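Engineer: Build me a model from this:
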Amino acid sequence: MAITEPTILIVEDEIPIVELVSFSLKGAGWVVDAVHNTADAWTYLQNKRPQLILLDWMLPDQSGLKLLSRIRSDRNFNTLPVIMLTAKSMEEDKVAGLDQGADDYITKPFSPRELTARIKALIRRKMPEHAELAMKAGPLTVDPVSCRVSIDDEPVEIGHAEFKLLRFLIAHPERVFTRGQLLDKVWGDHAVLEERTVDVHILRLRKALGRADFLIKTVRSVGYMLSEK
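Structural biologist: Next comes the predicted model:
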């Protein structure tokens, strides 16, 4: 089963930098898209949600900080991981970027290896479902790299949608999510799906998990969670 890798959006107008960063990130296994100004970046976000944005400070139409502010003020994107890429290295500039909501900050020129490491660290911190380490809960193990699920080391056959749902729930144990939140987090803010679709996938997931189905809890009038309790 093929699982879509995290997509990274580069918002940068210097083509050599775009090419260098794209080459490095694709080599690390990510899908990479690029735009060259804030207007195109905002249009992109209306149609597709990346897992992370690399945002240049100085762009031809307006400051990357203004785009960052717009992203953080929109409820659909206010938790989207953003790393600022910039030639500005003054402490006050870094503070300004972080104050506007940047998750990290890296100055040009930079090492592609360092950038890749920073991205991996940020994804591990903010999006554990896309991390590389296997996740466990009771007898259940989910490996996000090989996309394998096992119970007491025995492989489990599971559908693509159910894998995505399980990967998200096991990455956020003991936390209740509404159906709407699961639609947003698992299938994306722009997915045209009804909330009852989540119930269908929960039923399929429980069936696939067999004796480990007890891990998927229904919280009445709220939603679902993964819990060993």
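
Engineer: So residue 162: helix, strand or coil?
Structural biologist: What DSSP: H, G, I helix; E, B strand; the rest coil gives for residue 162 is helix.

Engineer: Number of residues surrounding it?
Structural biologist: Counted with other C-beta atoms under 10 Å, residues neighbouring residue 162 total 22. C-betas here are computed from N, CA, C, even on glycine.

Engineer: likewise the one 4 residues further on?
Structural biologist: Counted with other C-beta under 10 Å, the burial measure for residue 166 works out to 27 neighbours.

Engineer: what's it in contact with, if anything?
Structural biologist: 142, 149, 158, 205, 209, 226 (C-beta atoms under 8 Å, 6 or more residues apart in numbering).

Engineer: now, which of those sits nearest residue 136?
Structural biologist: residue 142 (7.8 Å; C-beta to C-beta).

Engineer: Validate this expectation: the closest one resides in a strand.
Structural biologist: Yes: assessed by three-state DSSP, residue 142 belongs to a strand.

Engineer: you'd agree it is up against residue 134?
Structural biologist: Yes: here residue 142 reaches residue 134: they are 6.7 Å apart, a contact under C-beta atoms under 8 Å.

Engineer: which one of those two has more residues nearby?
Structural biologist: residue 142 (22 against 14).

Engineer: Let's see the pLDDT reported for that one.
Structural biologist: Per-residue pLDDT puts residue 142 at 92.

Engineer: Could you do residue 184 as well?
Structural biologist: Looking at residue 184, the pLDDT reads 78.

Engineer: next one: the one 4 residues further on
Structural biologist: The predicted local confidence for residue 188 comes out at a pLDDT of 66.

Engineer: Please apply the same query to residue 93.
Structural biologist: Looking at residue 93, the pLDDT reads 69.

Engineer: Could you number the chain from 349 rather than 1 from now on?
Structural biologist: I'll keep to 349 as the first residue from here, and by that count the last item is residue 441.

Engineer: what's the least confident helix or strand in the protein, going by average pLDDT?
Structural biologist: helix 439-447 (a mean of 70; mean pLDDT, DSSP states H and E).

Engineer: Spatially nearest residue to residue 452 (excluding sequence neighbours)?
Structural biologist: Counting by C-beta to C-beta, 6 or more residues apart in numbering, residue 431 is the residue found nearest to residue 452 once chain neighbours are left out, at 4.5 Å.

Engineer: Pretty sure the one you found sits in a helix.
Structural biologist: No: according to three-state DSSP, residue 431 belongs to no helix; its state is strand.

Engineer: Where does pLDDT dip in the protein?
Structural biologist: By pLDDT under 70, the weakly predicted segments of the chain are 349-354, 436-442, 476-480, 536-541.

Engineer: For it, which segments count as helices?
Structural biologist: For the chain, the helices defined by DSSP state H cover 363-375, 386-395, 412-420, 439-447, 460-474, 508-519, 527-530, 544-557.

Engineer: Walk me through the domains of the protein.
Structural biologist: Annotated domains of the chain cover 355-474, 483-574 [automatic domain parsing].

Engineer: Residue 571 is in contact with residue 530, correct?
Structural biologist: Yes: with contact defined as C-beta under 8 Å, residue 530 and residue 571 form a contacting pair (6.9 Å).

Engineer: can you list residues touching both of the two?
Structural biologist: The contact lists of residue 530 and residue 571 share residue 546, where a contact means C-beta under 8 Å, 6+ apart.

Engineer: ok, those two, which is more surrounded?
Structural biologist: The neighbour count for residue 530 versus residue 571, taken as other C-beta under 10 Å, is higher for residue 530 (22 against 19).
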